[in-house]
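[1] kindly generate the corresponding structure for this input.
(one chain, ligands or ions: 3)
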Amino acid sequence: MRKNLWIAAAALIGLGLIGGTVWAAEVEMCVPMGTITLEPLSAEAKRVSVEFPHAVHFGYSCQQCHHTWDRESTISGCSTQGCHDLAELPKGEDGRPSKDAALQARYFKNAYHSMCIGCHKAVNQENRKLQATRIPTDQKLAASGPTGCIQCHPTE
Ligand code: HEC
Ligand code: HEC
Ligand code: HEC
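    Numbers count the residues shown, from 1 in each chain. Ligands and ions are numbered 1, 2, ... in the order given. A predicted model of the protein is given here:
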């Protein structure tokens, strides 16, 4: 279960300002500030559930991840019906994995992996570019997140 501190709307507006965002409207909702345990949809999980430190990511805009959020309603989970709600990789009529990108993105594992690992890798890539410029610079390398399997799924 989620072990979180929950904060309410007033604090949320403050967070918006840290992210450099001015809120168009006030939204009443509880925002998990601690670690969210991301559970697989699959009937039998191959890997240990992922502990996701939510607030560590609040330097980004909320919509970076909650990409369909309209800023007016409350934010709902990633596997809400019609979103990333497929427990298995969708197959085409020939029984092979579907090549339909929209359908593939509904497979929860693809959605999480491309978002989480995709961003961590992009940060690392930027850091490598910075290191490769060889121009003396005071600019610090940016902190990044895990990209290896067992870093996110701690044991087999
Ligand atoms: C940045 C974190 C992250 C990394 C790195 C990562 N995963 Fe995941 N993975 C997730 C999340 C989040 C989910 C969806 C929630 C869940 O299943 O716990 C997931 C789901 C899965 C699932 C489907 C659920 C299950 O347990 O059967 C598998 C399989 C999986 N990952 C394997 C891997 C493998 C193999 C690697 C390394 C190549 C890897 N993951 C790397 C975050 C990560
Ligand atoms: C780096 C990605 C990321 C960022 C940035 C992010 N979140 Fe989240 N948030 C998540 C994930 C993943 C979940 C878990 C969703 C689930 O369990 O399906 C979540 C869950 C939530 C939930 C609970 C939703 C539910 O299932 O009931 C709320 C509310 C929320 N976030 C609000 C925010 C707000 C407000 C911001 C901006 C200050 C924000 N999030 C920024 C990834 C992010
Ligand atoms: C838009 C970019 C972005 C996305 C999306 C993102 N992360 Fe991260 N993540 C980061 C950055 C940057 C850090 C380093 C933050 C820091 O240490 O200040 C980080 C750090 C982490 C850490 C290490 C935290 C620590 O305290 O050392 C974990 C674990 C993590 N992310 C998991 C995830 C998972 C799981 C997801 C998907 C649900 C995800 N991240 C999505 C950018 C992202």
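
[2] look at the closest residue to T74 other than its chain neighbours and report its pLDDT.
    Spatial nearest neighbour of T74, chain neighbours left out: M29 (4.1 Å); criterion: Cβ to Cβ, 6 or more residues apart in numbering. The way it works is simple: take the backbone N, C-alpha and C, and place the C-beta from them, glycine included. Looking at M29, its pLDDT stands at 90.

[3] ok, N124 next?
    For N124, the pLDDT comes out at 97.

[4] number of nearby residues for the nearest residue to it once chain neighbours are set aside?
    The shortest distance from N124 to any non-neighbouring residue, by Cβ to Cβ, 6+ apart, is to S144 (5.2 Å). Per other Cβ atoms under 10 Å, the neighbour tally for S144 reads 15.

[5] how about G59, secondary structure?
    coil (DSSP: H, G, I helix; E, B strand; the rest coil).

[6] tell me, how many residues neighbour it?
    With other Cβ under 10 Å as criterion, G59 counts 12.

[7] distance of it from ligand 2?
    Here G59 is placed at a distance of 8 Å from ligand 2 (Cβ to the nearest ligand atom, to the nearest Å).

[8] hmm, who's touching stretch 148-156?
    Residues outside stretch 148-156 that contact it (Cβ atoms under 8 Å, 6 or more residues apart in numbering): 47-50, 116, 146.
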